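Asks: Here is my input, please return the structure:
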Amino acid sequence: MAADQMQPQTDLTTNKSRKYDRQLRLWGDHGQTKLEEARVCLINATATGTETLKNLVLPGCGSFIIVDGEKVTDEDVGNNFFMQKDWIGRSRAECATALLLELNSDVTGNYLDEAAERTLENRPEFFSSFSCVIATGLEEKTVLHLDKVLWTYNVPLIVVQVYGFIGYMRIVVPEHTVIESHPDNTHPDLRLDRPFDELQKFVDSLDLTTMSKQDHGHTPFVALLLKYLTEWRAAHDGNVPKNYKEKVAFKQLIKTGILCNEDGVPELEENFDEAVKNVNSSLVPTKVPSEVQAVFCDKCVNITSESSGFWILTRAVRDFVENEGEGALPLRGSLPDMTSDSARYIQLLQVYQEKAKQDIEAVKRRAKQLLRSVGKAEDSISDDEIKMFCKNASFLRVVRCRSLRDEYSPSTANCEGLAMHLESADELTYYVLLRAVERFREKHGRLPGVLDDQMDADVSLLKSCTSTFLQELAITTTVNDDCIHEMCRYGGAELHSMASFLGGTAGHEVVKLVTHQFVPFNNTFVYNGMTGSSVTAQL
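Replies: Down below sits the predicted model:
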């Protein structure tokens, strides 16, 4: 009976692993679990909105709801693949929901046929339970209202907009913590500059002079490095090679250990070649990265009953560094690939893993002590969470985005940063123009360029709105007239190719936010589809 009950569960797990294989390689089972628990809200089923949601439904987000009071129009049918001609006049939210749900049977979805403005006004608490809210097609005053509500509930907001060939995204989240930031370039955590006792004993047990040719050519390069590093230190007052000259000399020392044949010609020993090539990356000093030091000086200084698991574990690791770690973070316990026989590679790996396990236990004891001190249950943070935290302690990140209210207020706006971007004439010029377009819409009740016979007049009017906006921020730099004319030429068009690109990009950022893996941008992103260039800025 038990076996029969287990079989469907096993099949379900296997099917999911097969279905989501590629993404599981990126964020793992635990990341997929968080994605499947996510509740996403999309405001307005525009072309950009549905493309964004598509890129969350396909990887298996838990559930979504679309809030949209608009009906399907000819324009929707022309630029939105999730709309059909026969649906003109029907609820846009209902139609988009129906087709999106066909993409993935694992996802549940619903819709609310109501304008977001009305929902915000009558029941703002509706938005409090979502993992993330995606906003498209909203006027500035509504975006600011939404920003205020979600900031109060600590719910992440992503504003996504396509205007002709210009794409814009803005992330708003008071605090976002990242454990698995997945940096592109990392050095292996080998601790060769300060070897722990078990590692030193293992390397000392290897005698290169009595080994067979087979064993000599398959000794792990990590062991070779530490072997010759011990010899180097004995001749250099205990110091490791630090500068270029010393490292060149150290590489020559390693090469002296390569076996020679009976004619005195050096043998081809790949492990020694690997040792020489990895000198620079393997002898990186063991220390706490500056980004992690900044996290150690953050909210973990004062732990309370309101502190999240992230900050409690950060404090536990900080205390570990100051005590058991003697200035070092918990060991990761992993090794890079290398030329070696299986037996000694496994032995070396076990040495590192055992040390990592000891460090995890020390951090676990400190974490449980902290939990008790603030009146929380010791099991409120699982052993798996502690293990994952220790493994990624070198890559901790905290992202804090400003609110839109602060960004939009002249007294708190980042005027200096914006002025620098305008002087360099980069893509943030179009951010200024998007803000000016909102001024235009508020003043004239329409977007610039939507009326063909008013094009020339709209260029002058938009230029005036742009100048007024920059004057409010005390920015003297002007915007190129060609850019203003281009914005009028767009007439507010939402091109599907741009919507597809921005939707994919926004979908990636939502995944980062809900899985707490990889680092989302902070806080503004502008993409120029004409040149294929983009810029991110903190505004």
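Asks: which ones are touching residue 335?
Replies: 188, 190, 220, 222, 345, 348-349, 352 (C-beta atoms under 8 Å, 6 or more residues apart in numbering). All C-beta atoms are positioned from the backbone trio N, CA, C, and that covers glycine.
Asks: Return the members of these classed as buried.
Replies: Buried subset of the contacts of residue 335 (neighbour count, 16 or more other C-beta atoms under 10 Å): 188, 190, 220, 222, 345, 348-349, 352.
Asks: Including pLDDT, could those residues go into JSON lines?
Replies: Below are the buried ones among the contacts of residue 335 laid out as JSON lines (pLDDT from 0 to 100):
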{"residue": "188", "pLDDT": "91"}
{"residue": "190", "pLDDT": "94"}
{"residue": "220", "pLDDT": "95"}
{"residue": "222", "pLDDT": "95"}
{"residue": "345", "pLDDT": "95"}
{"residue": "348", "pLDDT": "96"}
{"residue": "349", "pLDDT": "96"}
{"residue": "352", "pLDDT": "96"}
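Asks: now, among those, which is nearest to residue 434?
Replies: Comparing the buried ones among the contacts of residue 335 against residue 434 with C-beta to C-beta picks out residue 188 as the nearest, at 44.7 Å.
Asks: Can you pull out the low-pLDDT segments for this protein?
Replies: 1-13 (pLDDT under 70).
Asks: Do a quick rundown of the strands in it.
Replies: Along the chain, counting by DSSP state E, strands occupy 39-43, 63-67, 108-112, 132-135, 157-163, 166-172, 176-178, 397-399, 524-528, 533-537.
Asks: and the ones you listed as CSV, adding distance to residue 358 and mean neighbour count?
Replies: Output for the strands of the chain, formatted as CSV (distance: least, C-beta to C-beta, whole Å; neighbours: other C-beta atoms under 10 Å):
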stretch, distance to residue 358, mean neighbour count
strand 39-43, 40, 25
strand 63-67, 42, 22
strand 108-112, 44, 17
strand 132-135, 38, 25
strand 157-163, 42, 25
strand 166-172, 39, 23
strand 176-178, 26, 20
strand 397-399, 26, 18
strand 524-528, 43, 22
strand 533-537, 41, 16
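Asks: in the stretch 101-250 of the chain, which spans are helices?
Replies: For the stretch 101-250 of the chain, the helices defined by DSSP state H, counting those that start in this stretch cover 116-122, 140-153, 197-204, 213-216, 221-235, 244-255.
Asks: can you tell which of the ones you listed is closest to residue 423?
Replies: Residue 423 lies closest, by C-beta to C-beta, to one member of those: helix 140-153, at 25.2 Å.
Asks: Could you list every helix and strand that the closest one packs against?
Replies: If contacts are counted by 3 or more C-beta pairs under 8 Å, 6 or more residues apart in numbering; DSSP states H and E, helix 140-153 sits against helix 116-122, strand 132-135, strand 157-163, strand 166-172, helix 404-408, helix 429-444.
Asks: go with 7 Å
Replies: helix 116-122, strand 132-135, strand 157-163, strand 166-172, helix 404-408 (3 or more C-beta pairs under 7 Å, 6 or more residues apart in numbering; DSSP states H and E).
Asks: And the helices in the stretch 251-400 of the chain?
Replies: Counting by DSSP H, counting those that start in this stretch, the helices of the stretch 251-400 of the chain are 270-277, 279-282, 290-296, 309-322, 342-373, 383-391.
Asks: Equivalent analysis for the stretch 401-539 of the chain, please.
Replies: 404-408, 415-423, 429-444, 455-472, 481-490, 496-515.
Asks: so which of those helices is the most packed in?
Replies: With neighbours defined as mean count of other C-beta atoms under 10 Å, the helices of the stretch 401-539 of the chain peak in mean count at helix 496-515, which reaches a mean of 21.
Asks: Make JSON lines from the helices of the stretch 101-250 of the chain and add distance to residue 375 to it.
Replies: Listed next are these as JSON lines, based on distance: least, C-beta to C-beta, whole Å:
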{"stretch": "helix 116-122", "distance to residue 375": "36"}
{"stretch": "helix 140-153", "distance to residue 375": "25"}
{"stretch": "helix 197-204", "distance to residue 375": "38"}
{"stretch": "helix 213-216", "distance to residue 375": "57"}
{"stretch": "helix 221-235", "distance to residue 375": "45"}
{"stretch": "helix 244-255", "distance to residue 375": "52"}
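Asks: Quick one: closest of those to residue 264.
Replies: helix 244-255 (14.2 Å).
Asks: So which residues make contact with that closest one?
Replies: Contacting residues not belonging to helix 244-255 are listed as 224, 228, 231-232, 241, 272, 275-276, 279-280 [C-beta atoms under 7 Å, 6 or more residues apart in numbering].
Asks: Measure how it sits relative to helix 221-235, angle-wise.
Replies: Comparing the axes of helix 244-255 and helix 221-235 via axes from the mean of the first three to the mean of the last three C-alpha atoms, to 10 degrees yields an angle of 120 degrees.
Asks: Identify each buried residue in helix 244-255, please.
Replies: The neighbour-count check on helix 244-255 (16+ other C-beta under 10 Å) flags 250-251, 253-254 as buried.
Asks: What of stretch 129-143?
Replies: Residues 130-138, 140, 142-143 are the ones in stretch 129-143 that count as buried (16+ other C-beta under 10 Å).
Asks: what's the farthest-apart pair in those residues?
Replies: Spatial extent of the buried residues of stretch 129-143 (C-beta to C-beta) is set by the pair 131 and 140 at 25.0 Å.
Asks: How much space separates residue 120 from residue 96?
Replies: Remark: distance between residue 120 and residue 96 (C-beta to C-beta, to the nearest Å) = 20 Å.
Asks: More neighbours: which of those two?
Replies: Taking neighbours as other C-beta atoms under 10 Å, residue 120 and residue 96 compare with residue 96 leading, 28 against 20.
Asks: Surely the more buried one is in contact with residue 65?
Replies: No: judged on C-beta atoms under 7 Å, residue 96 makes no contact with residue 65 at a distance of 11.1 Å.
Asks: could the helices of the stretch 251-400 of the chain go into a markdown table alongside distance to residue 526?
Replies: Formatted as a markdown table, the helices of the stretch 251-400 of the chain follow (distance: least, C-beta to C-beta, whole Å):
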| stretch | distance to residue 526 |
| --- | --- |
| helix 270-277 | 41 |
| helix 279-282 | 36 |
| helix 290-296 | 25 |
| helix 309-322 | 30 |
| helix 342-373 | 41 |
| helix 383-391 | 35 |
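Asks: Between those helices, which one is closest to residue 506.
Replies: Going by C-beta to C-beta, the one of the helices of the stretch 251-400 of the chain nearest residue 506 is helix 309-322, 24.5 Å.
Asks: Report the buried residues of that closest one.
Replies: Residues 309-321 are the ones in helix 309-322 that count as buried (16+ other C-beta under 10 Å).
Asks: and the two most separated of those residues?
Replies: Between any two of these (C-beta to C-beta), the greatest distance is 18.6 Å, for 309 and 321.
Asks: ok, how many other residues are close to the closest residue to residue 103 other than its chain neighbours?
Replies: Nearest residue to residue 103 in three dimensions, chain neighbours excluded: residue 57, at 4.9 Å (C-beta to C-beta, 6 or more residues apart in numbering). When neighbours are counted by other C-beta under 10 Å, residue 57 registers 22.
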